[in-house]
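Asker: return a 3D structure for these sequence lines:
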Amino acid sequence: MIAGFEVWTPEKAPTFDDGMPVFEIIGTDAQIVQFPVRAGRQITCFSGAMAYMSDGMKMDVKLAGLKKTFGRLAGGGSLFEVTYTNETNEDGFIGMTPDYPGIIIPLNMATTGKIYCLRDSFLCSTVGLGNQTTDISAGFNPANSIGGIICSGFDFIVQTLENGEWAFIMSMGTVVKKTLGEGEAVQVDGDSILAFDASVQIDIKSVGNCAAICC
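Answerer: Here you go, the predicted structure:
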């Protein structure tokens with residue numbers, strides 16, 4: 001593959017001290033992310049993401065405040081914040097899946113920082129000790145110009161993810177990862193962007209002649 005690009009494939013998940021994986025991504029083009037859930041631990045997700053769970057997992061639904069609710073809705077998320085808690089004294093489990101045949105990309109939010117995503121990309125996230133959660137909200141297209149905001153093909157309102165432990169976003173098709181060097185630029189069709197971190201800037205650039213607009 002061309003240097004600097006790599007086809008995304010599920011990497012080996014981190015493990016707890018006893019060797020149990022924090023999560024497992026199962027499947028190929030219609031994936032499920034499965035979590036072992038320790039006693040008292042929680043998983044949050046968008047409405048309808050839960051596929052199956054162990055007995056003793058309790059579902060809690062709330063608005064989580066006007067500001068957060070509005071941000072979640074503007075970013076393409078669901079009205080309510082859904083949390084599943086293992087209320088037993090034993091390990092449980094839960095499986096989450098997109099509402100379309102898609103793949104699941106894990107993001108280590110402890111090292112990634114703020115992420116801009118297509119609207120409605122968020123699937124679910126783990127809740128850390130001390131109720132450390134991923135903030136799901138909305139932001140404006142971070143393009144460098146008005147033309148970039150209007151014509152880049154990326155939504156005017158985007159979904160933002162920040163803080164927390166592990167967050168999981170969903171997509172269709174093949175995901176290609178590109179790590180940009182300092183000052184490096186790459187031309188991308190706006191409809192082909194899934195997510196990027198806050199260090200990346202986007203803008204538009206003309207290619208070809210006037211006839212290219214029709215192609």
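Asker: okay, CA-based contacts and neighbour counts for the rest of this
Answerer: Fine.
Asker: model confidence at residue 133, what's the number?
Answerer: pLDDT, residue 133: 86.
Asker: my error: substitute residue 147 in the last question.
Answerer: Reading off the model, residue 147 has pLDDT 53.
Asker: can you pull the contacts of the closest residue to residue 57 other than its chain neighbours?
Answerer: Spatial nearest neighbour of residue 57, excluding adjacent residues (C-alpha to C-alpha, 6 or more residues apart in numbering): residue 86 at 4.5 Å. By C-alpha atoms under 8 Å, 6 or more residues apart in numbering, the contact set of residue 86 is 37-42, 56-58, 92.
Asker: mind redoing it with 10 Å?
Answerer: Residues near residue 86 by C-alpha atoms under 10 Å, 6 or more residues apart in numbering: 36-43, 53-59, 92-94.
Asker: same question, residue 172
Answerer: By C-alpha under 10 Å, 6+ apart, the contact set of residue 172 is 29-30, 98, 100-104, 194.
Asker: between those residues, which has the most around it?
Answerer: Counting neighbours by other C-alpha atoms under 10 Å, the top entry in the contacts of residue 172 is residue 104, with 29 neighbours.
Asker: which strand residues bridge the residue sitting nearest the centre point of the chain?
Answerer: With distances taken as C-alpha atoms, centre = their mean, residue 169 lies nearest the centre of the chain, 2.5 Å away. Partner residues in beta bridges with residue 169, using DSSP bridges, are residue 105, residue 122.
Asker: residue 122 is in contact with that one, correct?
Answerer: Yes: using C-alpha atoms under 10 Å, residue 169 is in contact with residue 122, at 4.5 Å.
Asker: list residues touching both of the two?
Answerer: Shared contacts of residue 169 and residue 122 (C-alpha under 10 Å, 6+ apart): 98, 104-105, 161.
Asker: can you tell me the SS state at residue 164?
Answerer: Going by DSSP: H, G, I helix; E, B strand; the rest coil, the secondary structure assigned to residue 164 is coil.
Asker: from residue 19, how far out is it?
Answerer: For residue 164, the distance to residue 19 (C-alpha to C-alpha, to the nearest Å) stands at 22 Å.
Asker: neighbour count: those two, which is higher?
Answerer: Neighbours per residue (other C-alpha under 10 Å) separate residue 164 from residue 19, with residue 164 holding more: 21 against 8.
Asker: show the pLDDT at that one.
Answerer: Looking at residue 164, its pLDDT is 92.
Asker: before I go, just wanted to say thanks for your time.
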